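Trainee: whatever this is, show me its structure:
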Amino acid sequence: MNVPTRPPHTFSVAPMLDWTDRHCRAFHRVLTRRALLYTEMITTGALLHGDAARHLHFSASEHPVALQLGGSDPAALAECARMGEAWGYDEINLNCGCPSDRVQSGSFGACLMATPEVVARGVEAMRGAVAIPVTVKHRIGIDNLDSYEHLHQFVRVVAEAGCQTFIVHARKAWLSGLSPKQNREVPPLRYDVVRQLIQDFPHLTFVLNGGIGSLDEAQTHLTWAGGVMLGRAAYQTPYLLAAVDRDVFGESAPTLSRREVMEAYLPYVEEQLAQGVYLSRLLKHTLGLFAGHSGARHFKRTISERAHLPGAGSEVIADALGGIPDAVLDTRELLPPPREPRPLALSEA
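Mentor: Modelled structure (predicted):
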C-alpha cells in the first residue's frame, strides 16, 4: 500500500488526562513518526493563571502534536490558542467530550454540547487568533440531548464558525449518574451516527473515536471515516503504534522491534533524568510494551518496584529487559489487545 500523502488526522492518539503527557508523547513518537499526538486537556485557567510553560513545553520531536484546550470563554480560548501557536503546536483542539465533574463545574467539556452557539463563538475567536487549524472533539449527545437532530445542529453551527474537522467519540455522555469510566463503556457505541454525519456534511472531516481496540479495526474504519483516534488501546498496548507508519501511512521504513524501541527511547530518558525527572514518570508509559508476551510481568514488576526509588536510572531498564526472551525483544509481531484493558484513572475526553 502506498498512501504517503494521508494527513496526520488519518491516525491519532487520543488526549487522556494524566496519561498523554510530554513523556508519553516522546515515547509514542519513537513508535510512530506520522500519527497525530495530543496533549492532555489543559484548561484555559491553568494557562492564563498558572505555570503555562510547565503545561505547554514539549520536545520538537513530538510533531505533529495538537494542544487540547478546556474552556468556554471566547477571549480566554483565543488567548490560549495564541499561546499554543507561539509554542509551536500544530493544531488547537477544543474539548467538548469530557464528562467528569471537574469540567461540568467549569461549564466546559461535554456540557458544551448543550450550547453549540457557545462552542461556535469559541471556535470563531480561536480561528481569528491563530493560523493553525482549530478542531473540536465531542460526543454524539449528552443526557436527553441525544437526538440526531441536536447533533446535526451542533455540527452545523460549529462548522459555520469555521471548524472543518470534528473528532467524534461515538457514544453519548451522561453528565449525572455515570462516572467517567462508565461513560467510556456503558453508553452504546453508535458508529452509524458518525456515518450519517459524514453523509450529511461531505465537505467536513470526521475522525472516529471510541471502542477501537486494534490496528486492524482502525484500518476497517478508515474505509469510510476521515480518520481514526485510538485511546486506551494505544496507551495500554503501545506497540501497535509501531506498525502505523507502514500500514496506515504507507511508509517503507522497517518496523522497530521492542528492543529497538527501548533503545531509541533511552537517550530521551537519560536527558530527562539529567534534568531531575523521576524515572517512574518516564517509564510508566512503557508498561504495556510487552503486553501479551512472555516476560511482560517481569518488565512491569521491575519498573513498578524500582523506577520510583531515589537515584533510579537506566540500569532499571536493563534489568527489566533482562527478564524478556530475545525472541520477544526482537520480534515485530503484533498481538491482539487484551480483552479487558486496564481502565485509565480519568476520562478519555
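Trainee: can I see the domain layout of the chain?
Mentor: Domain assignment for the chain by automatic domain parsing gives 8-247, 258-329.
Trainee: hey, which helix or strand in this protein has the poorest pLDDT?
Mentor: Least confident helix or strand of the chain, by mean pLDDT, DSSP states H and E, is helix 101-105 with a mean of 61.
Trainee: and the strands in this structure?
Mentor: For the chain, the strands defined by DSSP state E occupy 11-13, 36-43, 65-70, 91-96, 134-139, 165-169, 205-209, 227-230.
Trainee: reformat the ones you listed as TSV; add mean neighbour count.
Mentor: C-beta coordinates here come from the backbone N, C-alpha and C atoms, glycine included. Supplementary listing: the strands of the chain in TSV, determined by neighbours: other CB atoms under 10 Å:
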stretch	mean neighbour count
strand 11-13	26
strand 36-43	24
strand 65-70	26
strand 91-96	27
strand 134-139	25
strand 165-169	26
strand 205-209	23
strand 227-230	25
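Trainee: quick one: closest of those strands to Ala26.
Mentor: strand 36-43 (9.5 Å; CB to CB).
Trainee: so what does that closest one touch, helix or strand wise?
Mentor: Contact here means 3 or more CB pairs under 8 Å, 6 or more residues apart in numbering; DSSP states H and E; on that basis strand 36-43 packs against strand 11-13, helix 22-31, strand 65-70, strand 91-96.
Trainee: hmm, try it at 6 Å
Mentor: Strand 36-43 is packed against strand 65-70, with contacts defined by 3 or more CB pairs under 6 Å, 6 or more residues apart in numbering; DSSP states H and E.
Trainee: kindly calculate the angle that the strand it packs on makes with strand 91-96.
Mentor: 30 degrees (axes from the mean of the first three to the mean of the last three CA atoms, to 10 degrees).
Trainee: give me the below-cutoff pLDDT ranges for the stretch 151-300 of the chain.
Mentor: 177-181, 183-186 (pLDDT under 70).
Trainee: that one: helices as residue ranges?
Mentor: 180-183, 191-200, 215-221, 232-236, 244-247, 258-274, 279-283, 296-306 (DSSP state H, counting those that start in this stretch).
Trainee: pick the most buried one from the ones you listed.
Mentor: helix 232-236 (a mean of 23; mean count of other CB atoms under 10 Å).
Trainee: could you export that helix as CSV, CA atoms only?
Mentor: Extracted in CSV, the C-alpha atoms of helix 232-236 (Å, rounded to 0.1, in the frame of the first residue of the first chain):
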residue,chain,number,x,y,z
ARG,A,232,-6.8,3.2,25.7
ALA,A,233,-5.7,0.6,23.1
ALA,A,234,-2.8,2.9,22.0
TYR,A,235,-1.8,3.5,25.6
GLN,A,236,-2.1,0.0,27.1
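Trainee: that one packs against which elements?
Mentor: Secondary elements touching helix 232-236 (3+ CB pairs under 6 Å, 6+ apart): none.
Trainee: figure out how far that helix is from the centre of its chain.
Mentor: Centroid separation for helix 232-236 versus its chain: 9 Å, with CA atoms, centre = their mean, to the nearest Å.
Trainee: cool, and stretch 293-310?
Mentor: 25 Å.
Trainee: next: stretch 88-96.
Mentor: That offset, for stretch 88-96, works out to 12 Å (CA atoms, centre = their mean).
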